[in-house]
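Student: Quick one: sequence and predicted model below, then my questions.
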Amino acid sequence: MQITSGISWSRKHQEVITDSHTLNAIKNEVSQKCHENKKKGFASFDIREKTYFIRVDHDGKYIVKRDWSQENLLKRAFIKPFSGRFSDKLADMLNKPLGGTPFKKELAEAVDKKNQARHGEASVTLAKKWGVDDLSSVAAIHRALGKEVPLDQVFLHRNCDAQFLDLKHKTTSNNPRAIATIVDSHRLEFKEDRFYEHSFGKKILSSNIEASLLPHGGVNFIVSDKKKIHNGYGDSKAKSIICSLHDVIALGGRVYYDSGAIVSNAVIVEMPQNISLPFKMVR
């Protein structure tokens, strides 16, 4: 049996990830086995800790089948009927002309196009410049600012009552009663199921929701590329603070665009549970 590394499976995109060198090695092994035994005509490969038989049919097409003979009865009964996606995708790749196609690059380009359609080309480009994977947060910031700004020059301003601040440690936390109508683009990226309590029962997060419905609440901010701005929110007794977007990203926070605000550069930041965001006092 040929042990083959260099092949992985993207569950999210339902794609085989490999390269031309690995594909050509498989083709050479199959060709050799066919030459040695024309009646048997297949080669077995250990791929992703599973055994696969690969052969060429009369039309010159590669056929990939998983070997279920060594699997237990439960797997054969419950998994086999729904499997085959990996085998079909690998066969498609082997049957592509010019097996030297860099498939990792192809997949990356396909993912880029999908992300651009969802978040916009400018947001995807900005996320790459920042080195940030959270495209939804980058898209929210880009929408609020309306331009490209270096990550370390994006500031979050907030006027609020002292009761919402930890003045001793200079940190602020999620407010479970935050008021805002947010665009929840993160729902498409969540690996976990996210639900909110509604008077009609539990419902999955929709595109536009109230910030108070987020599992941990959030914090209202005004986004700017300036350290000092005129912030009309709050009264004369309100504390004025400034936070860094860099800190939000580093601590695993998420940013949502506030579509219901009277200004166009308002956002909600949702920090992970029990994680506080550091701030500097402006006044």
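Tutor: It's in.

Student: Report the buried residues of stretch 110-121.
Tutor: Neighbour-count burial for stretch 110-121, counted by 16 or more other C-beta atoms under 10 Å, picks out Asn115, His119, Gly120. Glycine gets a C-beta too; all of them are placed from N, C-alpha and C.

Student: now the helices: where do they sit in the stretch 51-200 of the chain?
Tutor: For the stretch 51-200 of the chain, the helices defined by DSSP state H, counting those that start in this stretch cover 73-78, 85-94, 103-119, 121-130, 135-145.

Student: Point out the most buried one among those.
Tutor: Sort the helices of the stretch 51-200 of the chain by mean neighbour count, taking mean count of other C-beta atoms under 10 Å, and helix 135-145 sits at the top with a mean of 24.

Student: can you give me the end-to-end distance of stretch 122-137?
Tutor: With C-alpha to C-alpha, to the nearest Å as the measure, stretch 122-137 spans 13 Å from end to end.

Student: got any ranges where the stretch 51-200 of the chain has weak pLDDT?
Tutor: Residues of the stretch 51-200 of the chain that meet the criterion pLDDT under 70 lie in 76-83, 97-108, 184-200.

Student: Try it again at 50.
Tutor: 98-102, 188-194, 196-200 (pLDDT under 50).

Student: Pick out whichever of the buried residues of stretch 110-121 sits closest to Glu270.
Tutor: Nearest to Glu270 among the buried residues of stretch 110-121: His119, at 17.8 Å, using C-beta to C-beta.

Student: dump the residue contacts of the closest one.
Tutor: For His119, the contact set (C-beta atoms under 8 Å, 6 or more residues apart in numbering) comprises Leu135, Ser136, Val138, Ala139, Ser185.

Student: Among the residues you listed, list the two that are farthest apart in space.
Tutor: Val138 and Ser185 (10.3 Å).

Student: And for the closest residue in space to Gly252 that isn't next to it in sequence, the neighbour number?
Tutor: Excluding the flanking residues, the one nearest Gly252 by C-beta to C-beta, 6 or more residues apart in numbering is Pro272, at 4.8 Å. Other residues within reach of Pro272, judged by other C-beta atoms under 10 Å, total 12.

Student: Any figure for the gap between Val132 and Thr125?
Tutor: 12 Å (C-beta to C-beta, to the nearest Å).

Student: Also Phe45?
Tutor: 39 Å.

Student: Please apply the same query to Arg66.
Tutor: The value you get for Arg66 to Thr125, if C-beta to C-beta is used, is 40 Å.

Student: one step back: let me have the helices of the stretch 51-200 of the chain in CSV, adding distance to Asp247 as columns.
Tutor: As requested, the helices of the stretch 51-200 of the chain are exported to CSV (distance: least, C-beta to C-beta, whole Å):
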stretch, distance to Asp247
helix 73-78, 46
helix 85-94, 41
helix 103-119, 22
helix 121-130, 14
helix 135-145, 13
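
Student: and Tyr62, which of the ones you listed is closest to it?
Tutor: Between Tyr62 and the helices of the stretch 51-200 of the chain, the shortest separation by C-beta to C-beta is 3.9 Å, and it involves helix 85-94.

Student: Now do that closest one: which elements does it pack against?
Tutor: strand 15-17, helix 20-36, strand 50-56, strand 62-66 (3 or more C-beta pairs under 8 Å, 6 or more residues apart in numbering; DSSP states H and E).

Student: most tightly surrounded among the ones you listed?
Tutor: Using mean count of other C-beta under 10 Å, strand 15-17 ranks as the most buried of the helices and strands packed on helix 85-94, with a mean of 20.

Student: counting contacts, what elements does it pack onto?
Tutor: Secondary-structure packing of strand 15-17 (3+ C-beta pairs under 8 Å, 6+ apart): strand 8-10, helix 85-94, helix 103-119.

Student: Output the ones you listed in a markdown table, with distance to Lys50 appended to each entry.
Tutor: Shown next, in a markdown table, are those (distance: least, C-beta to C-beta, whole Å):
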| stretch | distance to Lys50 |
| --- | --- |
| strand 8-10 | 10 |
| helix 85-94 | 9 |
| helix 103-119 | 20 |
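
Student: now for the ones you listed, which one comes closest to Ala178?
Tutor: Nearest to Ala178 among these is helix 103-119 (23.4 Å), distances taken as C-beta to C-beta.
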